[in-house]
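> Structure for this input, please:
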Amino acid sequence: MAETDKNFKFQIKNFVPSGHLPQGDKLKIRGFCRFILDILFPPQCVSCGKKFETHTERVICEQCFALIPTRSGFMCLICGRRVPQFGEVCHREACFILAAATDYKNPQARETLHALKYGHIRSAAEPISEILAYYVAELILHHGLPTENTIIVPIPIHKSRLRTRGYNQSLLISELLQLKLRNELRVAPDALMRVRPTKSQTELKNYDEREKNVSGSFTVRNAESIAGKTVLLFDDVYTSGATMREAARELKRARARRVVGLVFAKA
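The predicted structure follows:
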């Protein structure tokens, strides 16, 4: 799809009527806009391009969704070794243990994530959270991840980027994950704060630049909400790990018991 088409689609989908219309009228107008949108741009799978026969919030077809693999266990962020059980230590100097649900190299996973992060398609958070829920449930049932005194803390974005994008994809996915896990794990959306804007890590090519870019960019709002807890620090994708390391250090300073770097996909 051409970039102009994507922009036009985004503008229609996020159209907000001006003035103080009753909520019912706003919903009717939004529904009409969605109807026009479906005529101009029939819903289709973000991976294979297959068109859906009827209106749907789905962004990926069942066949492509089934092609997204799910990992098991944890991973040492220092050496990359698989760590099968929570609490096992590979390298003590690591400030967190990594838990990645899938592989960023998988095209179906990558396209779904891009639809959410860059295509402004919020419904793409649904299949992402579904895969994460299955993965986290496996960690709980078979790999020793505790649920008691454990919280999910999404990586925050700065308020300037929130104004531009309109939402924090990590928070959106985290909240859906909580629902799919039937509130076994609770989201603490305001536990961590981004105190200054940073460049996108994708714009920086080497490790040192990425570390410098995020240095000092996070702070814990309420240390008492973190102290003694196991924290699932959630981000959508793990690349160099600079962002997650900086956030994990702040959580450890606030006396978090353990930090698990939970991500949808690892590059």
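
> Please report the distance of E211 from A99.
Per Cβ to Cβ, to the nearest Å, E211 is found 22 Å from A99. (Each C-beta comes from the backbone N, C-alpha and C, glycine too.)

> which of those two has more neighbours?
Remark: of E211 and A99, A99 carries more neighbours, 27 against 16, as counted by other Cβ atoms under 10 Å.

> Pull out the buried positions in stretch 230-249.
Using 16 or more other Cβ atoms under 10 Å as the test for burial, stretch 230-249 gives 230-248.

> Now do the end-to-end distance for it.
End-to-end distance of stretch 230-249 (Cα to Cα, to the nearest Å): 14 Å.

> Then stretch 143-152?
From its first residue to its last, stretch 143-152 covers 17 Å (Cα to Cα).

> Need the contact partners of it.
Here stretch 143-152 makes contact (Cβ atoms under 8 Å, 6 or more residues apart in numbering) with 72-74, 84-87, 136, 139-140, 174, 177-178, 184-188, 191, 225, 228-232, 234, 257, 260, 262.

> Show me what counts as buried in it.
H143, L145, T150, I151, I152.

> Tell me which stretches of the stretch 1-150 of the chain form helices.
3-13, 23-40, 62-65, 107-117, 125-142 (DSSP state H, counting those that start in this stretch).

> Could I get the average pLDDT for the fourth one?
Mean pLDDT, helix 107-117: 96.

> Output that helix as CSV, restricted to C-alpha atoms.
Extracted in CSV, the C-alpha atoms of helix 107-117 (Å, rounded to 0.1, in the frame of the first residue of the first chain):
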residue,chain,number,x,y,z
PRO,A,107,8.1,-11.9,8.9
GLN,A,108,4.6,-12.5,10.3
ALA,A,109,5.6,-11.3,13.8
ARG,A,110,7.5,-8.3,12.4
GLU,A,111,4.7,-7.1,10.1
THR,A,112,2.1,-7.3,12.9
LEU,A,113,4.3,-5.3,15.2
HIS,A,114,5.0,-2.7,12.4
ALA,A,115,1.3,-2.4,11.8
LEU,A,116,0.9,-1.3,15.5
LYS,A,117,4.0,0.7,15.9
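
> how much does that helix deviate in direction from helix 125-142?
Relative orientation of helix 107-117 versus helix 125-142 (axes from the mean of the first three to the mean of the last three Cα atoms, to 10 degrees): 120 degrees.

> just checking, what packs against helix 107-117?
helix 125-142, helix 169-180, strand 230-238, strand 258-266 (3 or more Cβ pairs under 8 Å, 6 or more residues apart in numbering; DSSP states H and E).

> how about these, which one is nearest R58?
Across the helices and strands packed on helix 107-117, the minimum distance to R58, taken as Cβ to Cβ, is reached by helix 125-142, at 7.7 Å.

> quick one: low-confidence parts of the chain?
1-28, 30-41, 54-55 (pLDDT under 70).
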